[in-house]
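> Coordinates for the following, if possible.
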Amino acid sequence: MSSDNEDSSPKENTFDLIIRNLKIISSIKPNDKIIKKGSTIKIDSPYIYQGMSRYWNGDSRKESLNHIEHIIDITFNKIDLIYSNEIEHRTGGLNDTNYYNKGQSYFETENTQKLQIFSNELKNSINGLNNLKQTYNTDISICSRIEVVIEKINLRIKKIQELFQINITSENHTILKSTKDNNEYCFTDDESE
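Sure, this is the predicted structure:
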């Protein structure tokens, strides 16, 4: 079995793997290309026989963009899952001991932090995608696909920001203000331990 089959493993959907891939996308510089190694991507910086090596290994720009789109889709699915779990928990539809029953908080600290990290990493990944556009600036098709990915990311960031606004009020208190229902939920940072 080839390492490409690792894509279907459940490990791919873990928070750490998604964040690692988003950080790699954020690190793309102009003229860098990417290759897929298992369930992660790797930056393929320019070198003398890069074109021949990429051709030999089947690392085309279309495949590279397929990998990026896949990572972004997985990220969006994970964000949706976190949000859905919180909605189910908030409405009493989820009976799971992993969630705290605190009444006043809408998102638990861990999930709030995850959504905030996703939002930040998605925002950072836009820089890398813009650099990738510079790499392929003569390929209108690839540049258009990259722009569509950037637009999707911007929309998702906007949705997360509209969903709630996080305000740190002191060393160990956080206020989560839901812009949907204009309610504020306060919790201490030690609740996440």
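> Now residue 139. Its backbone dihedrals?
The main-chain torsion angles of residue 139 are listed as degrees, to the nearest 10 and equal phi -110, psi 100.
> Can you report how many residues lie near it?
With neighbours defined by other Cβ atoms under 10 Å, the count for residue 139 comes to 15. (Glycine included, C-beta is placed from N, CA and C.)
> my read: it touches residue 64, true?
No. The pair residue 139 and residue 64 does not pass the contact test of Cβ atoms under 8 Å, sitting 11.5 Å apart.
> Any chance you could list what contacts stretch 57-65?
33-36, 41, 44, 53-54, 136, 139, 142, 145-146, 149 (Cβ atoms under 8 Å, 6 or more residues apart in numbering).
> of all the residues you listed, which two lie farthest apart?
Using Cβ to Cβ, the two most remote members of those are 53 and 149, lying 25.3 Å apart.
> So which of those two has more stuff around it?
Neighbour comparison, residue 53 and residue 149: the larger count goes to residue 149, with 21 against 13 (by other Cβ under 10 Å).
> Wait, that one touches residue 69, no?
Yes. Using Cβ under 8 Å, residue 149 is in contact with residue 69, at 6.1 Å.
> Among the contacts of stretch 57-65, which one lies nearest to residue 86?
Minimum separation from residue 86 among those (Cβ to Cβ) is found for residue 149, which lies at 26.2 Å.
> in which helix or strand would I find the closest one?
Secondary structure here is read from DSSP states H and E; on that basis residue 149 sits in helix 140-163.
> tell me the mean pLDDT over that helix?
Here helix 140-163 scores 93 as its mean pLDDT.
> Show me what counts as buried in stretch 146-161.
Within stretch 146-161, the residues that count as buried by 16 or more other Cβ atoms under 10 Å are 146, 149, 150, 153, 156, 157, 160.
> Over to stretch 69-83?
Under the neighbour-count rule (16+ other Cβ under 10 Å), stretch 69-83 has 70, 71, 72, 74, 75, 76, 78, 79, 82, 83 buried.
> Put together TSV for the contacts of stretch 57-65, with distance to residue 17 on each row.
Formatted as TSV, these follow (distance: Cβ to Cβ, whole Å):
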residue	distance to residue 17
33	21
34	16
35	17
36	13
41	11
44	19
53	26
54	24
136	26
139	29
142	25
145	23
146	22
149	19
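> filter those to the buried ones?
Neighbour-count burial within the contacts of stretch 57-65 applies to 33, 34, 35, 36, 41, 44, 54, 136, 142, 145, 146, 149; the criterion is 16+ other Cβ under 10 Å.
> those helices in this structure, which residues are they?
In order along the chain, the chain carries the following helices (DSSP state H): 15-26, 50-57, 61-90, 109-135, 140-163.
> worst average pLDDT in these?
Averaging pLDDT over each of the helices of the chain singles out helix 50-57 as the lowest, with a mean of 70.
> if you skip the residues just before and after it, what's nearest to residue 76?
Take residue 76 and drop its neighbours on the chain: the residue closest to it by Cβ to Cβ, 6 or more residues apart in numbering is residue 156, 6.0 Å away.
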